[in-house]
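1. here are the coordinates; sequence isn't available:
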């Protein structure tokens, strides 16, 4: 059974940092791009960041550039999202995904269950 399991979410004050992890099991994703999306209450799921299978290419949505860093460890089948200088508007459920390198959520084949990130002002 293929699973993506996120961890590392929580409650943090504005300006703080969190590191999200997404561990995959059931198959290797070393040839898949990996991505993070987020969904705030009442809003659509939005793209946050993506990294190519070789980690040679990354992509970020504008609002997180310079604050978030996506990375991966193919040996551990895990992708990470280091989030710094967090803002209240970053509050959302964060989902990891595996699939082609794209900002379009429906193109991804595999999804995790999500982890809540709450940033207090």
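-> Nice, I can see it. Everything numeric here is computed off the predicted structure, so don't read it as measured data.

2. ok, the most centrally placed residue in the chain - contacts?
-> Note on the chain: the residue nearest the mean C-alpha position is residue 36, at 2.5 Å, using C-alpha atoms, centre = their mean. Counting by C-beta atoms under 8 Å, 6 or more residues apart in numbering, residue 36 touches 20, 22, 48-50, 70, 79, 81, 94-97. All C-beta atoms are positioned from the backbone trio N, CA, C, and that covers glycine.

3. Got the confidence number for residue 5?
-> For residue 5, the pLDDT comes out at 96.

4. three-state assignment of it?
-> With DSSP: H, G, I helix; E, B strand; the rest coil as the basis, residue 5 sits in strand.

5. ok, it touching residue 113?
-> Yes: applying C-beta atoms under 8 Å, one finds residue 5 in contact with residue 113, separated by 7.2 Å.

6. the more surrounded of those two?
-> Using other C-beta atoms under 10 Å, the more surrounded residue of residue 5 and residue 113 is residue 5, with 14 against 11.

7. which SSE is the closest residue to the more buried one other than its chain neighbours in?
-> Distance criterion C-beta to C-beta, 6 or more residues apart in numbering; nearest residue to residue 5, sequence neighbours excluded, is residue 23 at 5.3 Å. Per DSSP states H and E: residue 23 is located in strand 18-25.

8. next one: residue 71
-> Using DSSP H and E, the element containing residue 71 is strand 68-73.

9. Can you list the strands that that strand pairs with?
-> strand 78-83 (antiparallel) (DSSP bridges).

10. If we go by neighbour counts, what in the partner strand is buried?
-> Neighbour counts over strand 78-83 (16 or more other C-beta atoms under 10 Å) mark 78-81, 83 as buried.

11. about what we covered before: show me what contacts the residue nearest to residue 5?
-> Counting by C-beta under 8 Å, 6+ apart, residue 23 makes contact with 4-5, 7, 76-78.

12. separation between it and residue 101?
-> Using C-beta to C-beta, to the nearest Å, residue 23 is found at 20 Å from residue 101.

13. Kindly report the same for residue 54.
-> 11 Å.
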